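Visitor: coordinates for the following, if possible.
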Amino acid sequence: MIRILRRLAPTFAMTMAMAALSDGARAQTVDAPPDGSSTRGSLPLRDSIAQDLHGVFLVEPKIVGGLTAKAGDDPWQVALLRADKAEPVRRPFCGGSLVSAVWVVTAAHCVDNGTVRTDLDVLGGTVDVSVGGLRVKVAEIIVHPHYVPGKYPRNDIALLRLSSILTGASIDAIPLVSGVDEAIALKDGSLARVTGWGSLKAGGTTVKDLRYVQLRVFTNSDCNDPVAYKGKVKDEMVCAGFAKGGKDSCQGDSGGPLTVSLGGRAQLAGVVSWGEGCAKPNRYGVYSRVPRFVGWIADCQAQKATCRKPL
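Guide: Just a heads-up that it's a prediction; the model follows:
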C-alpha cells in the first residue's frame, strides 16, 4: 500500500522514491528490456532493493494488528518476488491474487514505472514465504489503461499473465465479486479480510509467515469525511479499517487481496492500494474496488483490444 514516507535521513534512493510518487509510467503492456536507470521499476520493487542496500525501507511496510494465517485459508494469495534473487532467497515486495491458473490480479503501483516481466517472479501455494510453494515466471504485465499514479492512485490495478500454470495442493483461484453483488459484498459495516507479508513494525524486515487482519468496510461518504480523506476516495475505490485505527494493511501488502464472504465462499472484493499512515484514526486503508474492473479483467483474459486501449 502506498503510504507517506517515514522520517529518515535522506538518501539517494529515498529521493528517487519520492519522485516516483508523481512520475509513474503510462498504462501499457510492459515488456521492454531494463534501461539501467536507477529510477526504473515500481516503488515497492525499489523499496525492497533499498532495504538490501541501505538497511531501511523507503515507505512503511506492515499489516497492523493482524494474526498469522493458517495454511490453506488463503490459497489464492501469491507473493511478487524479485527475480534477481534466485532460490533459496525470496524477496517479496508486493502481493497478488490468483484469479485463474495463469492470471494474477495485483496493484498497478506494484508494476509501474518501467517494471518489466523479468523483474519479478510469482510465488504461490505457501504461507511461509521462505520455503515451499511453486515459483513461476511472468509472461506479461498489463496495467489498467486508465491508471493514474501518485500518492492517491486512480484505477490502481494490473494483471500478470504467468508463463506456466500455477497449481498445487494449496493453490486455488478466487472468484471476483461481480457488479451484481457489489452492493451486498461491500455494504457499510460488512467484514473483509486482508492478507500479506508486510513487516510488523516500521523499518522492520518483511515477515516470512503470511498474516491477516479482519476489517470493517466503510462507505465512500464516510471515508471522504473532512476528518478522513476529504474527497480523495473515488468511485473505483473502497475503504476498510476502523475509525479508531489499530488495524490496517500497509506497504508490504500492496497488491494483495481484500476478500469478503458471499454465500459461504470467499470472493475478491479489493486490491490493496493506498492510505495515509498505518492504522491511524480516520485513516482507513483504500483498495481498488474489484467489481468495477471485472469487465476489464475478462477482456484481458480474452485478449480483447479494450484490455489495453482506453474506452
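Visitor: please make it C-alpha for all contacts and neighbour counts, starting now.
Guide: Will do.
Visitor: pull the helix or strand with minimum mean pLDDT from the chain.
Guide: Within the chain, confidence by mean pLDDT, DSSP states H and E is lowest for helix 12-20 among all helices and strands, at a mean of 38.
Visitor: look up phi and psi at Phe293.
Guide: phi -120, psi 10 (degrees, to the nearest 10).
Visitor: again but with Cys94, I slipped
Guide: phi -160, psi 170.
Visitor: does it touch Pro257 like I think?
Guide: No. Shown here, Cys94 and Pro257 do not form a contact pair, counting by Cα atoms under 8 Å, at 10.8 Å.
Visitor: for Lys230, grab the count of nearby residues.
Guide: 12 (other Cα atoms under 10 Å).
Visitor: how about it, nearest residue that isn't a chain neighbour?
Guide: Asn224 (4.5 Å; Cα to Cα, 6 or more residues apart in numbering).
Visitor: ok, that neighbour - contacts?
Guide: By Cα atoms under 8 Å, 6 or more residues apart in numbering, Asn224 lies in contact with Lys230, Gly231, Lys232, Val233.
Visitor: buried residues, the longest helix belonging to the chain. List them.
Guide: Counting by DSSP state H, the longest helix found in the chain is helix 43-54. Applying a neighbour-count criterion of 16 or more other Cα atoms under 10 Å, the buried positions in helix 43-54 are Leu43, Pro44, Leu45, Arg46, Asp47, Ser48, Ile49, Ala50, Gln51.
Visitor: mean confidence for stretch 287-298?
Guide: The predicted model assigns stretch 287-298 a mean pLDDT of 98.
Visitor: what's the longest helix of the chain packed up against?
Guide: On a contact count with 3 or more Cα pairs under 8 Å, 6 or more residues apart in numbering; DSSP states H and E, helix 43-54 meets helix 12-20, strand 92-100.
Visitor: one step back: which of Cys94 and Pro257 has more residues huddled nearby?
Guide: Pro257 (33 against 30).
Visitor: check the residue lying closest to the more buried one once chain neighbours are set aside and give its pLDDT.
Guide: With Cα to Cα, 6+ apart as the criterion, Pro257 has its nearest non-adjacent residue at 5.1 Å, and that residue is Val271. Looking at Val271, its pLDDT stands at 96.
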